[in-house]
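The amino acid sequence is not available; the structure is as follows:
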C-alpha cells in the first residue's frame, strides 16, 4: 500500500513546489548600501565661492539674480515658466475646460487665499516683491535663485516682506554657497504652509529636516537620507510632482513606481493589489508622526478679544487651539488617513463659483470610483473648516486678512469681517452682498510622505475585516473579509444548523429505539 | 459473510486527501471570509491558494482514476430502491430493519449516496473550482493593456464560492454522521481506512490481482 501512497504524495508536493516557484516573482533586493551609493551626495564640480562675480557686496537681492543670470544666462526663462514662479498652471478641469489655476487664484480652507494678502503669503514666492497684483512677472531680476539654491542654511525671507530676503541675510555669503536644493530649501516653505509647521500637509513638516527612518524611510538620515529633489526630479526647473489642492490633471506626478516599479512585492497577491490600491495606502499607516497637523479650522469664532487685545490659547503639546485672528483649531498627531478613490484628476472651487452650504463645500474634489480603471485607493488628509461665505451671492469669499496697520481693512488688525470681505472681494473683482455667514468646507490632501519601514506597513486585516476596516467608507465594491452577503450568510447558517439539527435528532431517535429493542 | 476489498488504495488516498484538503480549505477559507481568526489573513490567503492548487491536482488524478477504472459508473443515478433507501433512513433504521440495498464491491453506493455524490461531483465541486479559479485569476479592468478574464466586481464570484462552502460543510456534517449507520457503528470508517469490509453478499475474497476483472465486471453490470 505504502509504495503507491508515498510516490503520489511526493508527486503532489513536487507539483506544488513547481507551481509555487513559477508563480513567485523574482525581485532584486535593494539593500540600503546600494541605494546610498545611487543617491550619494555628489561633490559639485563648481565652487561658487571662487567666482569673482560673487565676491562683492550686494546691495539688493536682485543684483544677486543678475549675477546668476550673467553666467546661467537662460535659466531664468525656465524658472519663469514654472509654477513655482507663476503660482498657476494651465489645467484642463473636467466640466470646466481649460483654466489657469494655482495659489494665485484658488481659495483654500486654511488662510483662504493670497489676494490682498500678498505681503504676508508671498513670503514663500520664489520672487522678490510680489506685494500686490501689479507684480511684474516678466522681470527676470525678480527671480529669487537663493530661496532654492542656498546651501549655507543662512538665507531667510522676511516676514510679511512680499518675498524679499530678511535684512540679516549676507547676500554675498549666500551667493558664494549655492548648489543643489536640499531639504531645508524646500522645507522652509513646504513644511510651513498654512501659517505654521505641518499645518497644511500633515506629512510634510520640520521634523523631516533631520529624522529617522521610522518617520520617513526615504528621508530619514539613518534610512535613504534622500533629498526632496531625488524623487521630485527636475528638468529645466520643471519639477515632478504637485499637490491636488491646486492642480487638476494627471500629469507630471512624482510616483513611487518611478523607483520601485508597479509590482515590487514577492507575493503576487499583494502585487495584484497595486492595480487598485496606491502604494501610499499600505505604506503610510499614519501621518503627522512627530508634530501635530491641523485637522479642523473654525473661522467663525475668530475675533474675540481680551481687554481689547487679540490672544491665543495652547494645548499641552504647544499647538495653538485658539487665535483671535484665525479662530479655533483642532490638531491631530499620528493620524490614520482617510481613504478615497483617486484617478489623478481633480476639480476645485474656483473663485466666483456658486455654492450651497447645505452640505460641506468641497474646496477640491479628487475624482475616481471603483469602476474607474485609472482610479486607486489613496490615503488623504481631509481638512475640515468653517469659513466665511456670502449667503446672498453664494460665494466662498476672499477676505483681506493681513494688513500692515489698523484701518486698512485687514481682519487680523481690525477684526471686522464686513470690511475685510469687502476689501477682498473688491480686489478679486466680485460683488459682496454685505452679508456674511460661515459654511462648512472640506479640502483633500493626498498623503505621500512619511512612508514607514516595511515592518510598520498596514496589515491585511486592517482593511479585510468586518469591524473598523480602514476602508469601511468605500462601499462600492466587494472585498473579502470585510463584506458578506446577508442572504448567503443566512442560507449558509440555516443549512448548517439544519444539518446539525437533523443528524442530532436522528442520532437521538436511533439511541432511544436501540434501547427499546 | 466475506471480507472484501471495497476501497482500492487510490480510492482511499483520494478520499482522505480530499477530506483533509476540504477541512483545511474550510478553515483558511472561513478565515478569509472573516468568520474566524487562526493563521492571520495573509497566511490564510497563501495557505488557501496552495491547498486549492493541491486540490486541483487531486481532482485531476481522481478524474483519471474514475475513467480508467470505470468507477464513474458507481455514481450513475438510479430510481431503483431510492424510495426504500429514503424510508430506511426515516423509519427502518430505528426498527433495526436491514439495509434495503446490498453493498458490494460493484455497487458501493446506495441510491441516495449516488444522487448526493453525483450532485457534489457535477455541481458543487465544479462551482467551487470554477469560482475559485476565477477568484485566483481574475483581473480588474485596466486602462493599459489587453486583459483577459476581466471582471467588474468580485462580489458575485465570492458569494458563489461562499455558498458552495456552506453546502460542503453541511454535506460533511451529514456525511460524518452517516458513517455510523453501517453494519456496525465503525464498519464504514474501518473500511475506508483499511479498504476491506465484511460484506454479506460477496462470495470470494478479492485480491489485488483481480481488481482489473472487477472493473470490467462493474462495466458489465451497469450496461
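Yep, that arrived. Only a predicted model underlies this, so the values are computations on that prediction, with no experimental measurement involved. Numbers count the residues shown, from 1 in each chain, chains lettered A, B, ... in the order given.

Show me the helices in chain B, by range?
Using DSSP state H, the helices of chain B run over B:9-33, B:41-69, B:82-90, B:111-119, B:125-137, B:155-178, B:187-194, B:211-222.

how about the ones you listed, which one is nearest residue A:156?
Across those, the minimum distance to residue A:156, taken as C-beta to C-beta, is reached by helix B:41-69, at 48.8 Å. The way it works is simple: take the backbone N, C-alpha and C, and place the C-beta from them, glycine included.

quick one: is that closest one near chain A?
Yes: using C-beta under 8 Å from any C-beta of the partner chain, helix B:41-69 comes into contact with chain A via B:41, B:42, B:45, B:46, B:49, B:50, B:53, B:54, B:57, B:58, B:61.

in that helix, what's buried?
By 16 or more other C-beta atoms under 10 Å in any protein chain shown, the buried positions in helix B:41-69 come out as B:41, B:44-49, B:51-59, B:61-62, B:65-66, B:69.

got it, and stretch A:499-506?
Within stretch A:499-506, the residues that qualify as buried are A:499, A:503, A:506, counting by 16+ other C-beta under 10 Å.

go on, stretch B:84-97?
B:85, B:88, B:92, B:93, B:94.

quick one: pLDDT of the fourth one?
Yep, that's residue B:93 we're talking about. Predicted confidence (pLDDT) at residue B:93: the value is 85.

same thing with the first one?
Listed pLDDT for residue B:85 reads 88.

Residue B:100 is in contact with that one, correct?
Yes: in terms of C-beta atoms under 8 Å, residue B:85 counts as a neighbour of residue B:100; the distance is 5.6 Å.

Identify the residue nearest the residue in chain B that chain A sits nearest to in space, chain neighbours excluded?
The minimum distance from chain B to chain A, using C-beta to the nearest C-beta, falls at residue B:166 (3.1 Å). Nearest non-adjacent residue to residue B:166, counting by C-beta to C-beta, 6 or more residues apart in numbering or on different chains: residue A:492, 3.1 Å away.

any chance you could read off phi and psi for the one you found?
When read as degrees, to the nearest 10, the backbone of residue A:492 gives phi -60, psi -50.

How about residue A:382?
phi -100, psi 120.

beta partners of it?
Under the criterion DSSP bridges, residue A:382 forms beta bridges with residue A:444.

ok, it - how many residues close by?
Counted by other C-beta atoms under 10 Å in any protein chain shown, the residues lying close to residue A:382 total 15.

Give the full set of residues in contact with it.
A:338, A:442, A:443, A:444, A:445 (C-beta atoms under 8 Å, 6 or more residues apart in numbering or on different chains).

Let's see the pLDDT reported for the closest residue in space to residue B:25 that isn't next to it in sequence.
Setting aside the residues directly before and after it, residue B:25 is nearest to residue B:51 in space (C-beta to C-beta, 6+ apart), at 5.2 Å. At residue B:51, the predicted lDDT confidence score is 94.

what sits against residue B:51?
Residue B:51 neighbours (C-beta under 8 Å, 6+ apart): B:21, B:24, B:25, B:28.

Need those in TSV (columns: pLDDT, neighbour count and distance to residue A:347).
Below are those laid out as TSV (pLDDT from 0 to 100; neighbours: other C-beta atoms under 10 Å in any protein chain shown; distance: C-beta to C-beta, whole Å):
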residue	pLDDT	neighbour count	distance to residue A:347
B:21	95	18	52
B:24	95	17	50
B:25	96	20	47
B:28	96	24	44
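
follow-up on the earlier one: so which two of the contacts of residue A:382 are the farthest from each other?
So, those by C-beta to C-beta: farthest apart are A:338 and A:443, at 12.1 Å.

Those two - which one has more neighbours?
residue A:443 (26 against 16).

That one and residue A:108 touch, don't they?
Yes: assessed by C-beta under 8 Å, residue A:443 is found in contact with residue A:108 at 6.0 Å.

Mutual contacts of these two, please.
With C-beta under 8 Å, 6+ apart as the test, residue A:443 and residue A:108 both reach A:245, A:363.
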